[in-house]
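S.K.: Coordinates only, no sequence provided:
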């Protein structure tokens, strides 16, 4: 079963002026969840990152810390 045949359970699109982001939650044939973050730029070039269920909490924590850092730099 290839990735396109994996079961997509949830998707969220973020569309900006220059890029599109897709946050897709999928399930593999073993029943494990994973997140696929896709970016498509204005030249239709694609980038993907896969975050697996066992590391989603660490990824979420890291993303939160990065967002807090960026916000604090704007306020400084």
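M.R.: Perfect, thanks for sending it. Keep in mind that this is a model prediction, so the values were computed, not measured.

S.K.: And residue 40, how close does it get to residue 63?
M.R.: 20 Å (Cβ to Cβ, to the nearest Å). The C-beta positions use only the backbone N, C-alpha and C, and glycine is treated the same way.

S.K.: Who has more neighbours out of these two?
M.R.: More crowded of residue 40 and residue 63, by other Cβ atoms under 10 Å: residue 40, with 15 against 12.

S.K.: wait, what's in contact with that one?
M.R.: 19, 20, 21, 22, 46 (Cβ atoms under 8 Å, 6 or more residues apart in numbering).

S.K.: Check for me that it belongs to a strand.
M.R.: Yes: counting by DSSP: H, G, I helix; E, B strand; the rest coil, residue 40 falls inside a strand.

S.K.: Do you know the pLDDT at the most centrally placed residue in the chain?
M.R.: Central residue of the chain (Cα atoms, centre = their mean): residue 37, 2.5 Å from the mean position. Residue 37 carries a pLDDT score of 97 in this model.

S.K.: Which residue ranges of the chain form strands?
M.R.: 7-15, 19-27, 33-41, 46-52 (DSSP state E).

S.K.: my guess is the residue nearest to the centre of the chain contacts residue 49, does it?
M.R.: Yes: between residue 37 and residue 49 a contact is recorded at 4.6 Å, counting by Cβ atoms under 8 Å.

S.K.: Show me what counts as buried in stretch 19-33.
M.R.: Within stretch 19-33, the residues scored as buried using 16 or more other Cβ atoms under 10 Å are 22, 24, 25, 26, 33.
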